[in-house]
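Trainee: Below are the sequence and a predicted model for it; my questions follow.
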Amino acid sequence: MTQVPDRSVRICADRGGTFCDVHASHPDPENPNERKDIIVKLLSQDSANYADAPTEGIRRVLEIVTGKSIPRGSVLDTSKIDYIRLSTTVATNALLERKGHRHALLITKGFKDLLLIGNQSRPRIFDLNIRRPNPLYSEVVEVDERVTLVGYISDPKAEENALLWNEDGTIQRGYRGPGWDGEGDAEGPGDIVRGISGEAVRILKRPDLDVVRHDLQRLHDAGYRSLAIVLVHSYTFPEHETQIGGLAREVGFTQVSESSQLLPMIKMVPRGVSSTADAYLTPILREYLDGFFQGFDAKLKDGRVKSPRVEFMGSDGGLLDLNNFSGLKSILSGPAGGVVGYALTSWDEERKYPIIGLDVGGTSTDVSRFDGRYEVVYETTTAGVTIQSPQLDINTVAAGGGSCLTFRNGLFLAGPESAGAQPGPACYRKGGPLAVTDANLLLGRLIPDYFPKIFGKSEKEPLDTDASRVAFEKVAKEINESHEMSLDLDEIVYGFIKVANETMCRPIRALTEARGYSTGKHVLASFGGAGGQHACEIASLLGIKTILIHRYSSILSAYGLALADRAYELQEPSSTFYSAQTRRTLVARLDKLTNDVKAELKRQGFEGDRVIVERMLNMRFEGTDTALMVLPHQDDANGAEDFEAAFKRVYKAEFGFLLDTKSIIVDDVKVRGIGKTFDNLGESVYSEIDRLQKKPVAHDRADSTYSVYFDKVGRVGDTPVFLLDNLAVGDEVTGPAMIIDNTQTIVVVPGARAVLTSKHLYITLSEAK
């Protein structure tokens, strides 16, 4: 066998709730300019056979590449590896299951209960028995320190009365507004310093570091090793937090989450909750990664230029190195890879069709929207914890292939409980409950002969249709006993599928119709292991006519990692009105951050044309508290980075009106740098479809036929089953049909047409309902 060169194998692993997907590529020995792909799919948890799914997947890849047997449990040689890219749900699961790391919270004296009180939102206002989620921290220690801001934001003459600074940071003129003590430079005694945001900060009391050290030592002796530090106004004056953080590391704390370093943004509650989430999740993530690295030789972790790189998918769709990856940045690590995958493979810069991403996994369905750039939100609530951190706007609903099917109180229910990987659906041969996968199996939408034979004690048995049938017959009996009309088994099973489909449509409508976008004008990009079984029916429910299913759609989260770009961003607080006078200062701050971001990306190996910089301001109207992160477009007013015009455009789109009489305040300045992995991803699927000569595929080219149930049509006993690998580019399959490859099953409903392009199945529905 021809030797694969060193540092040439690129591996991407996505560990989901049910399956772990691995996509790898290496130079083709017969044509070194081309790369060959390797796909490995395995269960995320299978403790009887392996300890860690990504490590096991990478071991299998290296076996295929080298042609040599590598025993399980041996330390893997990384000399052939160029990079490993990982997305993981470890932190997300720890948050959902409340299995994070025990940690303590250090907070300004008098604010002990601040995070417990929260922001007073009442999402279930009519519930008689409100159960608040417990805080993430286990103990609170108050720090006797205090700083305050000079002056009042709501003072109508704020700019006139404000304290003025010299260029060297000394005071030119003291504060002269309401509350001034008439003698000094502020409302009372205390040192006055200039904060990062430009605001004047009065230090009322500095922390006694000896007392703090004593408190930290007591926590350390009690077994705490993780700490969150949240002090008042630390977003603009981080000095006290920095001092305490340094002390904590001296005492022996291994994880110190300083809110001013994690998230230098105004609003103490989300900043505080985010810091406790980081202290809660990062140690769990580090433990997992330490275990992962133990499966490989030392080169993987040393970070040298000539060593293989390890990169991680962040919640905002950018890749991070080990130093910049943390619990807070990994909460949406898993789904983010899929968003990157469909966005980069489905977008056409000329046609600009908006895309809805539908990721139907084993445990849940993730829905997102792409219209030229990633939609990012800066505040999200996960498992009752409101976190302030940039994340892709992904709506998740508990309906996937593993969602449990039950009949309760006369209702067909799909989810929210999931069978997971252990024990899995009833057909997985582990005694699991009825799930969506069982329904698809009985309807003929999954064919055991074509499905991976990875079940049972031997890991070599097929899906168990009989187990699904027995479980469904039991439910059918219960349903028919409670109904006047007797339903046959197919109708009952399909009833559950309809409920699951409608559940998956709900978050799509929230992302489109609820925000003023017409759902029918979108393209549906379906992926995830179970996506192909539901895509046509979901598109029909939503009025969508075009569906894209990527060749690697069942592992698109892993494939997206291979396409993703490296990202690095810096953010600083600001507290200034936006005007012609202040614009110069704001641009100067953006220029400084831009240089710092470019320097960091250069250190990571990206420079010149491979770096794209996005410069943003977080802006709001005076008197409101909803700030919007604004990135100017070329067509905003004069096109020369006009932030005011950009803010008004975004605000009008979001809220439908403008507050023209109000001044605009800038809360933050932010620069995001993107190091491009690829310059160009080739021709878009739409232009390829336009030039392709379509060739109808005759039924006799089917690999087999199978009995499949379709809505309104019923059972089609001779539904043709085509193998994707046996179809050529330009082949057109007309529904009803099934198209199958090693990792996915695609159901083409009656009347739909599926054309194979070089990288996609392009499905058109005859008439969307």
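Mentor: Here it is on my side, so go on. Worth saying up front: this structure is predicted, and the values here are computed from it rather than measured.
Trainee: Model confidence for T582, exactly?
Mentor: Looking at T582, its pLDDT reads 86.
Trainee: Now it: closest residue in space that isn't a chain neighbour?
Mentor: Nearest residue to T582, sequence neighbours excluded (Cβ to Cβ, 6 or more residues apart in numbering): T576, at 5.0 Å. Heads up, the C-betas are built off the backbone N, CA and C, glycines and all.
Trainee: likewise G751?
Mentor: G751 sits nearest to S766 (Cβ to Cβ, 6+ apart), 3.9 Å away.
Trainee: Show me the shaky parts of the protein.
Mentor: Along the chain, the parts satisfying pLDDT under 70 run over 1-2, 153, 303-306, 420-421, 454, 459, 636-639, 679-680, 767-769.
Trainee: OK, contacts around the residue lying closest to G174 once chain neighbours are set aside?
Mentor: Once flanking residues are discounted, G174 sits nearest to D185: 3.0 Å by Cβ to Cβ, 6+ apart. Taking Cβ atoms under 8 Å, 6 or more residues apart in numbering as the contact definition, D185 lies against V150, L163, I171, G174, Y175, I192.
Trainee: K205 versus the fifth one, what's the distance?
Mentor: Going back to what we said before, that points to Y175. Y175 sits 19 Å away from K205, going by Cβ to Cβ, to the nearest Å.
Trainee: cool, the third one as well?
Mentor: According to Cβ to Cβ, I171 and K205 sit 20 Å apart.
Trainee: Of those two, which one has the most company?
Mentor: Per other Cβ atoms under 10 Å, whichever of I171 and K205 has more neighbours is I171, with 17 against 14.
Trainee: Next, that one: phi, psi?
Mentor: As for I171, its main-chain torsions (degrees, to the nearest 10) stand at phi -80, psi 130.
Trainee: Kindly report the same for S275.
Mentor: phi -70, psi -40.
Trainee: Can you give the strand pairings for whichever strand or helix holds V193, parallel or anti for each?
Mentor: Per DSSP states H and E, V193 falls inside strand 191-194. Sheet pairing for strand 191-194, assigned by DSSP bridges, gives strand 200-205 (antiparallel).
Trainee: contacts for the strand it pairs with?
Mentor: 144-151, 162-163, 165, 175, 186-188, 190-195, 233, 236-237.
Trainee: Please enumerate the strands of the stretch 351-500 of the chain.
Mentor: 355-360, 365-370, 376-382, 385-392, 395-397, 403-408, 411-418 (DSSP state E, counting those that start in this stretch).
Trainee: in the stretch 601-750 of the chain, which spans are strands?
Mentor: 611-621, 628-630, 664-675, 695-696, 704-710, 714-723, 731-734, 737-740, 745-748.
Trainee: With respect to I544, which of these lies nearest?
Mentor: strand 745-748 (15.1 Å; Cβ to Cβ).
Trainee: Okay, now the sheet partners of the closest one, with direction.
Mentor: Sheet pairing for strand 745-748, using DSSP bridges, gives strand 737-740 (antiparallel).
Trainee: Now do the strand it pairs with: distance to the chain's middle.
Mentor: Remark: strand 737-740 is offset 30 Å from the chain centroid, using Cα atoms, centre = their mean, to the nearest Å.
Trainee: Pull the CA coordinates from that strand and hand them back as CSV.
Mentor: Extracted C-alpha coordinates of strand 737-740, given in CSV (Å, rounded to 0.1, in the frame of the first residue of the first chain):
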residue,chain,number,x,y,z
ALA,A,737,-38.5,6.4,-4.0
MET,A,738,-35.8,5.9,-1.4
ILE,A,739,-32.2,6.9,-1.8
ILE,A,740,-29.7,5.3,0.5
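Trainee: Can you list the buried residues in that strand?
Mentor: Residues of strand 737-740 classed as buried: A737, M738, I739, I740 (neighbour count, 16 or more other Cβ atoms under 10 Å).
Trainee: which residues sit against the host helix or strand of K41?
Mentor: Using DSSP H and E, K41 sits within strand 31-43. With Cβ under 8 Å, 6+ apart as the test, strand 31-43 has contacts from 18-28, 53, 56-57, 60-61, 64-65, 421, 452, 454, 552, 554-555, 742-743.
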